[in-house]
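> sequence isn't available, so here's the structure alone:
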C-alpha cells in the first residue's frame, strides 16, 4: 500500500479573533480595597472601538462605553438619572475590549429573566458557530418590554452623593428602545461577571440619556439584533443527506460545534480536535464545502470524542458497515469515499498535545486523580481546545492518501468508555 503525503492549501471555516477581552481589578475584590481606582478610562481613549463596563470612581455611577464613546450613568440629587461623557474618570474594576467591526445575528423568542436571556444568547451563538471558550463582548439592539436596572451609589460618607443605608438606585423601564451591552465569559465569574452568571450587562437607552446595570429583564426579542465581533472563530459544516427515509439525495443543512456538544454530551478538547480534523479532511476529500453523508466510510480511534465526531459528521454507522472503531497507530481517522474509493488517513503531528495532559489523562482513566486534579485537567484541556481552534489545521495534522485501500469487515471490538469513569467524583474543596 503506497502512502503519499498530501500537500494541501485550503480555505478553512476559521478566522482570527479580533476582540481580546481584558480587565483591570475584580468585582469581588474592589470592596476590600475601599474601591480604590484600578484604571483611568482615558488610558483607553485611543481605542476607537472601545466597549467597556464597570463602576465609576468609588461606586458613584455606572460606566458604559461602546463604539469608543463613554456613557456614565449617575444618580442626581433629586433621585433621577443622568449621563455624562467624560474620559477623565477612574474605575475600581473595568472589563473592556476593542472591537473594530461587529456582525449581526438575528434573535427570536421571548425570555422572562436574565437567566433565560443568557441561555438564548448561548444557544444563538453556538448555533452560529461562535466560539464560547473565549470571553466575548456582545450587544443586543432592539425595543425591550420590561427591565429593571440600577446605578450604584457611594458606600462611604466621605464620597459626594452618599446616602446612609443606600447602595444603589433602581429604575423601571417599559417599552424601552436601546441596547444591552455586555460581556460573556465562562472564566470571569467574580472578576467581571457575578458569581451566578456568565454575563455582565448594562442598558444604554436609544437617546443615550440613561446608562445603568441590568438586574431584571423580560421581553419578546423577535427582530432584535445580537452583535458580536466580526471574524471570530467559526466551526460549522454543510452536510447533504437524503430527503426522507426512502428519498433522493438533496437535503442540505448546516451543523455546528454546538450540535456536536449536544450529541456527545459536553465540550472537550477531543471533540474540538476531531471536528477540526474532519472539517479539514472533508474539504480535501471532496474539494468542496459540503459533506455527502451517504458516501462516507470512516474508521476512528477508540476515543469517545473522536468516535462521536466521526458518527455525527460522516454519517457512518457500525450496523451498516460504514463505521469502524479501531486502534490507529499515530492516527485519528481513516476516511473513505465509497463512490470512488479515495481514502485519507488523518493523524496528529508529534508534540501537539501537551505532555501534562497526556500524563494526567492516563491517571484520570485509572480513576487516580483527585477532584482538584480533575479540575486542573479540565482547565488544561480547555486551554488546549482554544489553541487548536486558533491554529491552522496544517500545523496540527498530518494527512496521507492511502492508495488501493480496501475496506475490510472485521468484528467490532468493545472499548472502555473513558469519559464516564469519574462521573461520581466529588467536588474540589480547595479554597
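Arrived safely. Fair warning: this is a prediction, and the values are worked out from it, not measured in the lab.
> is residue 229 in contact with residue 105, as I believe?
No - judged on C-beta atoms under 8 Å, residue 229 makes no contact with residue 105 at a distance of 11.7 Å. For every residue, glycine as well, the C-beta is placed using N, CA and C.
> so these two - more neighbours on which side?
residue 229 (23 against 17; other C-beta atoms under 10 Å).
> tell me what that one is bridged to.
Taking DSSP bridges as the rule, residue 229 bridges to residue 102.
> tell me how far it lies from residue 313.
27 Å (C-beta to C-beta, to the nearest Å).
> same thing with residue 329?
For residue 329 relative to residue 313 (C-beta to C-beta), the value is 23 Å.
> higher neighbour count, those two?
Between residue 329 and residue 313, counting by other C-beta under 10 Å, residue 313 is the more crowded of the two (25 against 6).
> can I assume that one sits in a helix?
Yes - checked against DSSP: H, G, I helix; E, B strand; the rest coil, residue 313 lies within a helix.
> OK, contacts around the residue lying closest to it once chain neighbours are set aside?
Spatial nearest neighbour of residue 313, excluding adjacent residues (C-beta to C-beta, 6 or more residues apart in numbering): residue 278 at 5.2 Å. Residue 278 makes contact with 309, 310, 313, 314, 333, 335, 346 under the criterion C-beta atoms under 8 Å, 6 or more residues apart in numbering.
> now stretch 261-281, how far from the chain's geometric center?
Computed by C-alpha atoms, centre = their mean, to the nearest Å, the chain-centroid distance of stretch 261-281 equals 14 Å.
> what are the buried residues along stretch 264-278?
264, 267-278 (16 or more other C-beta atoms under 10 Å).
> what's the answer for stretch 422-430, then?
So for stretch 422-430, counting by 16+ other C-beta under 10 Å, buried means residue 422.
> go on, stretch 410-422?
418, 419, 422.
> is it true that the first one touches residue 305?
Which is residue 418. No - when contacts are counted by C-beta under 8 Å, residue 418 is not listed as touching residue 305 (9.4 Å).
> just the terminal-to-terminal distance for stretch 391-404.
Length of stretch 391-404, first residue to last, C-alpha to C-alpha, to the nearest Å: 32 Å.
> whoops, I mixed them up, stretch 196-213
Using C-alpha to C-alpha, the two ends of stretch 196-213 sit 16 Å apart.
> and the strands in the stretch 201-350 of the chain, which stretches?
Secondary structure of the stretch 201-350 of the chain (DSSP state E, counting those that start in this stretch): strands located at 211-220, 225-229, 236-242, 249-256, 290-292, 296-300, 323-325, 333-337, 343-348.
> following element in sequence after the last one, please.
Heading C-terminal from strand 343-348, the first helix or strand you meet, by DSSP states H and E, is helix 355-364.
> what is that next one packed up against?
helix 371-389 (3 or more C-beta pairs under 8 Å, 6 or more residues apart in numbering; DSSP states H and E).
> one more pass at 10 Å, please.
helix 269-286, helix 371-389 (3 or more C-beta pairs under 10 Å, 6 or more residues apart in numbering; DSSP states H and E).
> what's the angle from the shortest one to helix 355-364?
It refers to helix 269-286. 110 degrees (axes from the mean of the first three to the mean of the last three C-alpha atoms, to 10 degrees).
> in the buried residues of stretch 264-278, which has the lowest confidence score?
Lowest model confidence among these falls on residue 267, which carries 86.
> that one and residue 129, how far apart?
13 Å.
> and if you look at residue 310?
Applying C-beta to C-beta to residue 310 and residue 129 gives a distance of 20 Å.
> more crowded one of those two?
A count of neighbours by other C-beta under 10 Å puts residue 310 above the other of residue 310 and residue 129, at 27 against 19.
> mind listing what that one touches?
By C-beta atoms under 10 Å, 6 or more residues apart in numbering, the residues touching residue 310 are 274, 277-278, 296, 298-301, 303, 316, 323-325, 332-335.
> residue ranges of each domain in this protein, please.
Per automatic domain parsing, the domain ranges recorded for the chain read 22-229, 235-408.
> got TSV for these, with distance to residue 429 too?
Formatted as TSV, the domains of the chain follow (distance: least, C-beta to C-beta, whole Å):
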stretch	distance to residue 429
domain 22-229	17
domain 235-408	7
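> pLDDT value on the residue nearest to residue 226 when sequence neighbours are not counted, please?
Nearest residue to residue 226 in three dimensions, chain neighbours excluded: residue 105, at 4.5 Å (C-beta to C-beta, 6+ apart). In the prediction, the pLDDT value recorded for residue 105 is 91.
> what does residue 12 give?
So, for residue 12, pLDDT stands at 30.
> surely residue 68 and residue 98 touch.
Yes - taking C-beta atoms under 10 Å as the definition, residue 68 is a contact partner of residue 98 at 8.7 Å.
> which stretches of the chain form helices?
114-127, 257-264, 269-286, 304-314, 355-364, 371-389 (DSSP state H).
> who wins for proximity to residue 428 among the domains of the chain?
Closest to residue 428 of the domains of the chain is domain 235-408 (C-beta to C-beta; 4.0 Å).
> start and end of that closest one, how far apart?
So domain 235-408: terminal residues 32 Å apart, C-alpha to C-alpha.
> do the same with stretch 96-105
With C-alpha to C-alpha as the measure, what separates the two termini of stretch 96-105 is 22 Å.
> and the residue sitting nearest the centre point of the chain, what does it touch?
Most central in the chain under C-alpha atoms, centre = their mean is residue 132, positioned 0.5 Å from the mean C-alpha point. Residues near residue 132 by C-beta under 10 Å, 6+ apart: 121-122, 125-126, 184-186, 198, 232, 257-258, 261, 267.
> what about 7 Å?
Contact analysis of residue 132 by C-beta atoms under 7 Å, 6 or more residues apart in numbering lists 122, 125, 126, 186.
> may I see these arranged in JSON lines, with pLDDT and neighbour count as well?
Shown next, in JSON lines, are the contacts of residue 132 (pLDDT from 0 to 100; neighbours: other C-beta atoms under 10 Å):
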{"residue": "122", "pLDDT": "90", "neighbour count": "17"}
{"residue": "125", "pLDDT": "87", "neighbour count": "21"}
{"residue": "126", "pLDDT": "80", "neighbour count": "20"}
{"residue": "186", "pLDDT": "85", "neighbour count": "15"}
